[in-house]
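In: My questions are about this predicted structure, shown below with the sequence.
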Amino acid sequence: MRYLRLAVVLLFLISVGGVAYTVHTISTRDVTSPVITAEYDEIHMSVNDNQEILFDGISAIDDRDGDITDQIILERISRFSEIGVCQVNFVVFDKENNLGRYQRTLYYDDYTAPRLHFDKPMLYYTAENISAFDGICLFDCIDGDISHKLKLEASNVVASVPGIYEVELAAVTNYGDEIRVRVPLNVIDYSADAPVITLDKYLVYTKKGQSVDPLTYVSSVTDSKGNEMNIADIKVSNQVDFSKEGSGQILLEFTNSDGITGVTYLTVIVEA
């Protein structure tokens, strides 16, 4: 009987000790989140700057771990709330995995909308298969080449009939900036003997009210055998309204001594 009482007493003491240990553990566990602070809630940077700039003036303190600034993580950069402006979220964890958060506003001071680049003129022959994306690239000043985001929104092209048509291209960047532009597309009859006009650029941007000299973009004119011709003999026909936003093209023509004319087009996008 005495041994039974002793066993009961021991079990009681063990249970009391376990409860006391649990209470002590709970009371001493770290449940306080670290705090991220910043010298300023807005930051300005260039699209060419390293993302390390985003951490300028930011620090983190934990009530037990102390200074944990070097543990701050860039969680995400939001899409634009307005053009060139987004929110940057940071997080930090202490040794007990308590989480602290902070958000600041980022301004890209030199942000510009994505721009198209044409490797070739918007010019096709009636015998060709026409692809609206052939030779077209789209570049974003932050994300670089985003040509894969381009979509054909509309087109009135009849590939078998010569004429000037129009295609509408659109894309949305990773930051939510949308580009939408209509550009001319030309279909002509093929002539193997026509001179060839080659340009350094087949698409240029300009501002409203500022014209473009297409001859400055001509790199060469050659006949059907590859012989150089006189660039000064190129005839230029402007089809762009430089007084308003939009797009158009400039026709460049060269007629050889046999009366055969070769053409190319310089696409122009007029911005505000």
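Out: Right, received. Where do you want to start? Numbering: from 1, shown residues only.
In: When you work out contacts or count neighbours from here on, use the C-alpha atoms and nothing else.
Out: Noted.
In: Show the model's pLDDT score for the residue with the shortest distance to the centre of the chain.
Out: What sits nearest the mean C-alpha location of the chain, by Cα atoms, centre = their mean, is residue 140, with 3.6 Å. Looking at residue 140, its pLDDT reads 97.
In: That one bridge partners, please.
Out: residue 144 (DSSP bridges).
In: I figured it was touching residue 111, is that so?
Out: No. The criterion here is Cα atoms under 8 Å, and residue 140 misses it with residue 111 at 9.3 Å.
In: ok, and for stretch 256-270, which residues are buried?
Out: For stretch 256-270, burial by neighbour count (16 or more other Cα atoms under 10 Å) applies to 256, 262-270.
In: show me the contacts for the residue nearest to the centre of the chain.
Out: If you count contacts by Cα atoms under 8 Å, 6 or more residues apart in numbering, residue 140 has them with 113-115, 146, 173.
In: Then residue 203?
Out: Contact analysis of residue 203 by Cα under 8 Å, 6+ apart lists 116-118, 121, 266-269.
In: Walk me through the domains of this structure.
Out: According to automatic domain parsing, the chain is divided into the following domains: 35-108, 112-190, 191-272.
In: Distance to residue 29 added to those, as CSV?
Out: Converted to CSV, the domains of the chain look like this (distance: least, Cα to Cα, whole Å):
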stretch, distance to residue 29
domain 35-108, 9
domain 112-190, 41
domain 191-272, 61
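In: quick revisit: take the contacts of residue 140 and keep only those in helices.
Out: Under the assignment DSSP state H, the contacts of residue 140 contribute nothing to helices.
In: now those residues: which count as buried?
Out: Buried among those by 16+ other Cα under 10 Å: 114-115, 146, 173.
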